[in-house]
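Chemist: Sequence first, predicted model second:
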Amino acid sequence: MASQAQLNAEIASLNAQAADLRRQIAVYQSEGDPAGAAELQATLSQVELQINSAQEELSNLTVDNTEPQPGDTVQIAPKEQVTPENTPDVNPSATAAEVPGSTEVPGIPQVVVTASPINAQSQGAKEANTNFKQTSDWRVRLSLGPGAKYLYKAENPGLLAPLKDTNGIIFPYTPAVSIDYVANYEAPDLAHTNYKIFQYKNSAVESVNIVADFTAQDNREAGYVLAVIHFLRSVTKMFYGQDEDPIRGTPPPLCYLSGLGAFQFDNCPLVVTRFFYNLPSDVDYIRTGSSVTGSGTNLSAYQLKVNTSTVSNRRLGVAGLQPGGGLAAPAFQNLSNTQATYIPTKMQIQITAYPIVVREQISNEFSLKSYAQGKLASATDKRGGIW
């Protein structure tokens, strides 16, 4: 096997030969001799193959496995600054024989360095942060139209304020979404025939059903769940009575479903026709409704205390009790508080909706060829994704 120095010298010689051949080819081409240029081009191709072979052999050559000889000079690399991202895991009890690919040098203490999972995690975090700006948010979201000025987009959204920051409902857990696509065929009742003759009638996208789980671990999350419930209550009602913008008589608001990528739901329009939620009895409830407490706040100190005399106090005869006396009847306080609402720590909601399409857009833009290619699934400036 050739040494590293020999390979470097061979590569340099071949590069010089290739450069000389290129100059000769240029001369033949300028003199109008294509046959001579083609012959030299074939020789140049062989030289280039030799260069590639020598470079590959040089890259595969490992000089680190050679054992140090007496009198060799050992160079110490500059000390690398250690950071949490490049700190290796050092196993002081391991030997070089325990690590594949290591070489143990007699008389020289061995320190075995193993790959650290911290490095891989740090690299993965860097890649995720780099790609985050290039990756759109694919969480499932139910929102109002971009030009809406009502409900959580109103100047004073009230109870729906938590939905303003997220531009609608963001489902914290991936919901179960089921969509019903149908093609309807009719079979005329023909006389004297053994088979029905089916004739195509129409196609439709029937109901869209969403089943989603919500959890509340603190006061702010409970406020968000409460806003979700009240938003879905609201979008199943028309504008009526004292409404002026939109005017009374306007149908329930149009919503848009997005998430799971452009070819799943890309601002697809729909109307909510049914909203069902269940308040379970086998979970804890958490208080919400206060706008001055932040995430993670324990509100147990704010809860109303009723009949808080402890067993120790009763035993000691405090609170006016004498030995042998009975405990007075509890005096329950008025628990009504418009600022306090209790939300289950885990609950499930069900939404039934129907897709909405504009007949004019379908007539002017729809093409089964384009639809099959996925060109109509993504939203545009003029419309949402077509179901």
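Modeler: Now that the structure is in, tell me what you want to look at. Bear in mind the structure is a predicted one, so any value in this text is a computation, not a measurement.
Chemist: What residues does Asn202 make contact with?
Modeler: Counting by C-beta atoms under 8 Å, 6 or more residues apart in numbering, Asn202 makes contact with Ala183, Asn184. From N, CA and C alone the C-beta is placed, and that goes for glycine too.
Chemist: For it, give me phi and psi.
Modeler: Per-residue torsions, Asn202: phi -170, psi 170 (degrees, to the nearest 10).
Chemist: The one 3 residues further on too?
Modeler: Note on Val205: backbone dihedrals following degrees, to the nearest 10 are phi -110, psi 110.
Chemist: so Asn219 touches Tyr342, yeah?
Modeler: No - Asn219 is beyond contact range of Tyr342, at 11.0 Å (criterion: C-beta atoms under 8 Å).
Chemist: Looking at these two, which is more packed in?
Modeler: Shown here are Asn219 and Tyr342; by other C-beta atoms under 10 Å, Asn219 has more neighbours (24 against 14).
Chemist: mind showing which ranges of the stretch 101-250 of the chain have poor pLDDT?
Modeler: Of all residues in the stretch 101-250 of the chain, those with pLDDT under 70 make up the ranges 101-136.
Chemist: Can you work out which other helices and strands pack against the host helix or strand of Tyr185?
Modeler: Applying DSSP states H and E as the criterion places Tyr185 in strand 176-186. Judged by 3 or more C-beta pairs under 8 Å, 6 or more residues apart in numbering; DSSP states H and E, the packing partners of strand 176-186 are strand 199-215.
Chemist: Give me the residues contacting the strand holding Tyr185.
Modeler: By C-beta under 8 Å, 6+ apart, strand 176-186 touches 140, 198-212, 265, 387.
Chemist: in it, what's buried?
Modeler: Val177, Ile179 (16 or more other C-beta atoms under 10 Å).
Chemist: Tell me which strands that strand pairs with, and in which orientation.
Modeler: strand 199-215 (antiparallel) (DSSP bridges).
Chemist: Sort out which residues of the strand it pairs with are buried, please.
Modeler: Using 16+ other C-beta under 10 Å as the test for burial, strand 199-215 gives Val205, Val208, Asn209, Ile210, Ala212, Phe214, Thr215.
Chemist: which among these gets closest to Glu360?
Modeler: Set against Glu360, the nearest of those by C-beta to C-beta is Val205 (17.8 Å).
Chemist: That closest one: what's it in contact with?
Modeler: Ile179, Asp180, Tyr181, Val182, Pro355, Trp387.
Chemist: Also Val47?
Modeler: Contact analysis of Val47 by C-beta under 8 Å, 6+ apart lists Leu14, Gln17, Ala18, Leu21.
Chemist: could you flag which of the residues you listed are buried?
Modeler: Neighbour counting by 16+ other C-beta under 10 Å classes Leu14, Ala18, Leu21 among those as buried.
Chemist: State whether the second one is indeed within a strand.
Modeler: The reference is to Ala18. No - Ala18 is assigned helix when assessed by DSSP: H, G, I helix; E, B strand; the rest coil, not a strand.
Chemist: Next up, the contacts around it.
Modeler: The contact partners of Ala18, taken as C-beta under 8 Å, 6+ apart, are Leu44, Val47, Glu48, Ile51.
Chemist: Sitting in helices, which of those do you find?
Modeler: Under the assignment DSSP state H, these contribute Leu44, Val47, Glu48, Ile51 to helices.
Chemist: Just the buried ones from the residues you listed, in ChimeraX syntax?
Modeler: Burial among the ones in helices among the contacts of Ala18 is assessed by 16+ other C-beta under 10 Å; the matching ChimeraX selection reads:
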select :44,47,51
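Chemist: Check the ones in helices among the contacts of Ala18 and tell me the two furthest apart.
Modeler: Pairwise distances across these (C-beta to C-beta) peak at 10.4 Å, for the pair Leu44 and Ile51.
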